[in-house]
Structure formats: C-alpha cells, structure tokens
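> okay, here's the prediction I keep looking at, along with the sequence it came from:
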Amino acid sequence: MKTTQNTLQEILNSKEAHSIKEKKHLINTDSFSADEINCLMATARHLKQLSNDTNQFPLDLLKSSHVALAFYENSTRTKCSFNIAASNLGANVLDLNVDTSSSQKGENLIDTAATLIEMGVNAYIQRHSEEGVLNQMVSALGDSCSFINAGEGKQTHPTQALLDYFTMLDLVSSIENKKVTIVGDTKYSRVARSNARTLTKMGADVHVASPESLMADDLAELGVTLHTNLEEAIKDCHFIMALRIQFERQGEAQIIGKEAYIKNYQLNHSVIKSAKESVHVMHPGPVNRDLEITSELADDKNLSLIRQQVANGVFVRMAILALLLN
Ligand code: CP
C-alpha cells in the first residue's frame, strides 16, 4: 500500500511539478497553467492529509533552506502562515522586522534582498504596497533566489487566491461553471483581482457586487460580471466572498457611508437566502465585524469557511514552497 509520503513524492516528481520548479518564482497566478494550479492543489491536499493522519511535521523537504519574510505592510494571516508553512517543511525562517531594519536608514528593496541572499537565503517572501517592485527584484536577483508575492499593491495576492480556491475544492469536486460572487470593495482589492484571475482560469462563473464608488471596472476584461445590486449578484451562487473595506487605501471619506453600505452590501443570514441552499461564505480577513458581514454569519460554523481558509493557507503555502524550492 502506498503511503501518503510516497504519493507526495510522486506529485513532486510529476511533469507539472517540474514545470513549477522551473518557474522558480510566484508573482502572479497568471503565469501558472490550470494543470500547474491543479498540481499545487494536489500537493496541498496531500500535505493536509499528512498532517491529519500522522504528526510528522516538520518534514525535511527544505531542511537546509533559509526562507526570509519581508513584510513592508501589516499582516497576521499571510506572514504567520508562511512562517509555519516553511517551518513545517524543515526550513529556517528569517523574519525581517522592516521597522528596525536598515530600510529605515534608506536602504532600497533590492539591496536589502541582495544582502540576505548573500547570507544564504533561498526564498524571499515579500509584501509591499507598490505594484511591480517584485518583478524588478526578480529581474535584478531572480537567478539566485525564489521570490514569492505575499500581496502587492491592489493588483496581486496570489497565495490568498490559491488558498481560497483550495477551500472551495473542499466542498465541490470542480469549480467549473460554479457561480462565485465577490462582494464589497473590489476597487482597492488585490484579493478580488487575484481571485477573479485564478477562478476564471479554473472555469468558475465569477460575479462581483460593489457600489459604483468601490467597483473594480477592470475586472470586466476578465469576463467577470459586474453588479451594483447584491441580490441579483448572489442569486443561485455557490460561494460568496466578502471583502474587507480597505479604509487605509481609500480614506473613510470615500466610502458610500457605513449605514448605506450595511443596508445594501452587508452579508447576513437573510440576504444570502437568494443564493443556492448549499451556499458558503468566505472572507480573506481581517474582518471589519458587522460591517462587511454580520458576526453571526461570520461565526456560523455551517455556512462560514473563514476558519477553514486560514487553516488551509498553511498547506497551500507549504505546497508552494515545496514545489518552488524542493
Ligand atoms: N488575508 C490576508 O492577507 O490577511 P493578512 O493581511 O492578515 O495577511
């Protein structure tokens, strides 16, 4: 009988796993084919199974590797999840505290990364508010280190989209033709853009519900259907994803007004009745409780996948590190 570890080794030796390893970096899910994304999902599924069956972590897949975390924007989920994922694979984790690093003396992003790479860092995981900086870093230093995007500007958050897709696959065997509706502040949301790109590639029917002032019009180019009416947007849908209102990007003054937002776009038990009976709600976190979603719905163990998203994030990030670095 095959052990789960044997099967994991078989996945890591597959054609798709080799093509992921050759990519070396994860900046955007656009550069991954549907087959490669499925290979990532299969790897994460096996790692999750391994954690359920036995208690074998840390594995020794990345035993002699050094993984650096460089977060120039706040994070709880992504940073801690990458930290645990790398530790579970046996890597040494270097958490660069940017508030006390030499970036405060004016050192630029490339020089900071180059310094850590000289010390032996194999993977550099970065979050930054400015779009495109990771591509510049790959151009300058990409031969000597894997770069992984932990959220950049308002365009890309690939590991969030992959863990969201993985969480949906816990409930449906395929996302093809399933209706997924993303609700809220899509205009400033890298989660919305990365999810829309990933889920449309995997065959989902993606819809968005946002007030005019918070609408990401650019998503229409991806084949996403845009709505300003929430009920119409979530009718018969399988998954509803609420987004955080990004006060830090837009300034509170620009929001349509909290009361109007709650009235027209807040997810609660009553509003989601027009979705499929089997609907589940998601949120990338952090949640502005009782604004985007009621606490009652966010904490409803039968309908909310928020906790599963967080738990699954570790296995998806383990899969990414294993496939890029193993
Ligand atoms: N979802 C997400 O990116 O959360 P953090 O900002 O806590 O990492």
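The structure has been received and is ready for your questions.
> quick one: name the residues of the stretch 51-200 of the chain near the ligand.
Contact residues (C-beta under 6 Å from any ligand atom) of the stretch 51-200 of the chain with the ligand: Ser75, Thr76, Arg77, Thr78, Gly151, Gln160. Placement of C-beta: from N, CA and C, glycine included.
> one more pass at 8 Å, please.
Within the stretch 51-200 of the chain, the positions near the ligand by C-beta under 8 Å from any ligand atom are 73-79, 81, 127, 150-151, 157, 160, 191.
> make TSV from the residues you listed and add neighbour count and secondary structure to it.
Compiled in TSV, these are given as follows (neighbours: other C-beta atoms under 10 Å; DSSP: H, G, I helix; E, B strand; the rest coil):
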residue	neighbour count	secondary structure
Glu73	17	coil
Asn74	9	coil
Ser75	16	coil
Thr76	10	coil
Arg77	18	helix
Thr78	23	helix
Lys79	19	helix
Ser81	24	helix
Arg127	21	strand
Ala150	27	strand
Gly151	25	strand
His157	27	coil
Gln160	24	helix
Val191	26	helix
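> now the residues you listed as a markdown table including pLDDT?
As requested, those are arranged in a markdown table below (pLDDT from 0 to 100):
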| residue | pLDDT |
| --- | --- |
| Glu73 | 97 |
| Asn74 | 96 |
| Ser75 | 97 |
| Thr76 | 97 |
| Arg77 | 98 |
| Thr78 | 98 |
| Lys79 | 98 |
| Ser81 | 98 |
| Arg127 | 98 |
| Ala150 | 98 |
| Gly151 | 98 |
| His157 | 98 |
| Gln160 | 98 |
| Val191 | 98 |
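> ok, of the residues you listed, which one's closest to Ile110?
Ile110 has its nearest neighbour among those in Arg127, at 16.1 Å by C-beta to C-beta.
> that closest one: what's it in contact with?
Arg127 makes contacts with Ala70, Phe71, Tyr72, Glu73, Ser75, Thr78, Lys79, Asn149, Ala150, Gly151, Glu152, as judged by C-beta atoms under 8 Å, 6 or more residues apart in numbering.
> can you rerun that using 7 Å?
Counting by C-beta atoms under 7 Å, 6 or more residues apart in numbering, Arg127 makes contact with Phe71, Tyr72, Glu73, Ser75, Thr78, Ala150, Gly151.
> ok, Leu69 next?
When contacts are counted by C-beta under 7 Å, 6+ apart, Leu69 touches Lys79, Phe82, Asn83, Val93, Leu94, Asp95, Leu96, Ile125.
> ok, which stretches of the protein are strands?
With DSSP state E as the criterion, the chain has strands at 66-71, 92-96, 123-128, 146-152, 179-183, 205-209, 225-227, 239-242, 280-282.
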